[in-house]
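>>> using only what follows, build the 3D model:
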Amino acid sequence: MKFDKDLLRTVLFAVGVVAMVIGIYQTLLFNDLMRNYWIFMVAMACWMPLLYWRQQERLEAKIAEQKAKLAQQARAKTPAKSTKKRR
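Sure, this is the predicted structure:
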């Protein structure tokens with residue numbers, strides 16, 4: 001069985017959103033942020049890997065784009081073969 005990273009991302013995002021909503025509701029209900037601080041930290045702990053993975057993907061995409069650009073420039077510098085026959 002193959003591990004599905006997209007499923008993990010979806011679950012982490014959903015748990016983070018639910019924890020944030022519960023934290024906000026409890027804070028408004030009891031008017032005490034410090035009592036519900038741990039709920040907000042659960043939400044942040046779920047979102048931190050998502051932010052890190054997104055940053056890594058952007059970095060990999062930028063590196064791949066730069067490599068493609070350099071390869072294209074290298075191809076452009078190589079002279080094309082002439083169609084004339086040599087005698």
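>>> hey, let's count contacts and neighbours off CA atoms from now on
Noted.
>>> what about the residue at minimal distance from the centre of the chain, distance to residue 17?
By Cα atoms, centre = their mean, the mean C-alpha position of the chain lies nearest to residue 54, the distance being 1.2 Å. In this view, residue 54 and residue 17 are 17 Å apart by Cα to Cα, to the nearest Å.
>>> residue 29 now?
18 Å.
>>> which of the two has more neighbours?
Comparing residue 29 with residue 17 by other Cα atoms under 10 Å, the one with more neighbours is residue 17, at 18 against 9.
>>> go ahead and confirm that one touches residue 43.
Yes. With contact defined as Cα atoms under 8 Å, residue 17 counts as touching residue 43 (6.7 Å).
>>> helices of the protein, start to end?
Applying DSSP state H to the chain gives helices spanning 5-30, 37-77.
>>> what angle sits between the first one and helix 37-77?
Orientation of helix 5-30 against helix 37-77 (axes from the mean of the first three to the mean of the last three Cα atoms, to 10 degrees) gives an angle of 140 degrees.
>>> residue ranges with poor pLDDT in the chain?
Counting by pLDDT under 70, the ranges of the chain that qualify are 78-87.
>>> burial count for residue 16?
Neighbours of residue 16 (other Cα under 10 Å): 22.
>>> distance-wise, check the spatially closest residue to it that is not a sequence neighbour relative to residue 64.
Leaving aside its chain neighbours, residue 16 sits nearest to residue 43 (4.0 Å; criterion: Cα to Cα, 6 or more residues apart in numbering). Residue 43 is 32 Å from residue 64, where distance means Cα to Cα.
>>> the more surrounded of those two?
Between residue 43 and residue 64, counting by other Cα under 10 Å, residue 43 is the more crowded of the two (22 against 12).
>>> comparing the helices of the chain, which comes out most buried?
helix 5-30 (a mean of 15; mean count of other Cα atoms under 10 Å).
>>> so what's residue 69 up against?
By Cα atoms under 8 Å, 6 or more residues apart in numbering, no residues touch residue 69.
>>> what of residue 19?
Per Cα under 8 Å, 6+ apart, neighbours of residue 19: 39-40, 42-43.
>>> can you tell me which of these is nearest residue 7?
When these are ranked by distance to residue 7 (Cα to Cα), residue 43 comes first, at 17.3 Å.
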